[in-house]
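Engineer: Coordinates only, no sequence provided:
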């Protein structure tokens, strides 16, 4: 039996920026189709890089659950100044943390909410054979300790005027006959008696509610081969005969709820690692193949 293991770690830090830059940080990333803000996905620019910090960390609002009643929302003591019109929180909204205690939720309350860089990348290769008749090889790979900004769930749990949604829309607070659930109120559903229409939203802001653990273990490939014994090949007047079965992307173990934790940087920009949107994203295909090798 053969065993191969590879482990890797990554630690990066932005050392400095030019004095010619107006602000001492860089923002990057898009969470929507064709733009940096607004639209149908999360609103805002999701990553921030500044000296002394790793590149491209997620930057947004911290949350502390969901307002269970309107009385609880009224007692929070702040207004939300996100978008063109300030609004007061409602039952079913995410409870944002007022970081500076000024009674308003706005960009001054944004903080680092996640790191897309894995603490560890790992790979494992296992191989064995039995009497030179059957051989098996399996290749595993994955990451540990990285975060993913899941923008896909905004499309799955929201209903947009002229757009369809997924069945997950039925999980949100105040949708249909729902009371408050474990999913925030849908900002785009016009129900004036139970939360009302609020396009400034609460759900659609970049926050730690959308940040998930991205660790995973994937069975990347598996191959099984059978080599016919000499007695078989002699009877068939063959020099050798081997049948192989192989598969790729056969299994994935992860707690991430999006399409896939294997997320590439947007537009190959190192500052946009770990952001999953629907734009150009598809679940990975599973591939099976069978081979027959005959020598006469």
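Structural biologist: Received, thanks. As the structure is a prediction and not an experimental result, all values here were calculated from the model.
Engineer: Which single strand of this protein contains the most residues?
Structural biologist: Secondary structure of the chain per DSSP state E: the longest strand is strand 240-254.
Engineer: what packs against that one?
Structural biologist: strand 216-227, helix 230-235, strand 287-295 (3 or more C-beta pairs under 8 Å, 6 or more residues apart in numbering; DSSP states H and E). Where you see a C-beta, it was placed from the backbone N, CA and C, and this is true even at glycine.
Engineer: who does it pair up with?
Structural biologist: Note on strand 240-254: by DSSP bridges, its sheet partners are strand 216-227 (antiparallel), strand 287-295 (antiparallel).
Engineer: now the helices: where do they sit in this structure?
Structural biologist: Using DSSP state H, the helices of the chain run over 70-74, 152-157, 230-235.
Engineer: right, and residue 118 touches residue 144 too?
Structural biologist: Yes - here residue 118 reaches residue 144: they are 6.1 Å apart, a contact under C-beta atoms under 8 Å.
Engineer: Now list whatever residues contact both of these two.
Structural biologist: Common neighbours of residue 118 and residue 144, counting by C-beta atoms under 8 Å, 6 or more residues apart in numbering, are residue 215.
Engineer: More neighbours: the two, which one.
Structural biologist: residue 118 (21 against 16; other C-beta atoms under 10 Å).
Engineer: Quick one: residues contacting that one.
Structural biologist: Residue 118 neighbours (C-beta under 8 Å, 6+ apart): 9-10, 143-146, 214-215.
Engineer: Report the beta-bridge partner residues of residue 241.
Structural biologist: residue 294.
Engineer: Could you identify the pair within the contacts of residue 118 that is furthest apart?
Structural biologist: 9 and 214 (15.7 Å; C-beta to C-beta).
Engineer: Looking at those two, which has the bigger crowd around it?
Structural biologist: For residue 9 versus residue 214, the count of surrounding residues by other C-beta under 10 Å is larger for residue 214: 27 against 12.
Engineer: returning to that earlier point: what's the most buried one of the strands paired with strand 240-254?
Structural biologist: When you average the neighbours per residue for each of these (mean count of other C-beta atoms under 10 Å), strand 216-227 leads with a mean of 18.
Engineer: same question for it, mean pLDDT?
Structural biologist: Average pLDDT, strand 216-227: 96.
Engineer: got any ranges where this protein has weak pLDDT?
Structural biologist: 21-23, 30-41, 83-84, 159-165, 187-201, 279-283 (pLDDT under 70).
Engineer: List just the one of the helices of the chain that sits closest to residue 250.
Structural biologist: Using C-beta to C-beta, the nearest of the helices of the chain to residue 250 is helix 152-157, at 23.0 Å.
Engineer: Now do the strands in the stretch 51-200 of the chain.
Structural biologist: 57-60, 63-66, 79-80, 94-96, 104-105, 111-114, 120-130, 134-144, 147-150 (DSSP state E, counting those that start in this stretch).
Engineer: Just name the most buried of these.
Structural biologist: strand 147-150 (a mean of 26).
Engineer: Provide the strand pairings for that one, with the direction of each partner.
Structural biologist: Counting by DSSP bridges, strand 147-150 is paired with strand 211-213 (antiparallel), strand 275-276 (parallel).
Engineer: distance between that strand and the chain's centre?
Structural biologist: Centroid separation for strand 147-150 versus its chain: 4 Å, with C-alpha atoms, centre = their mean, to the nearest Å.
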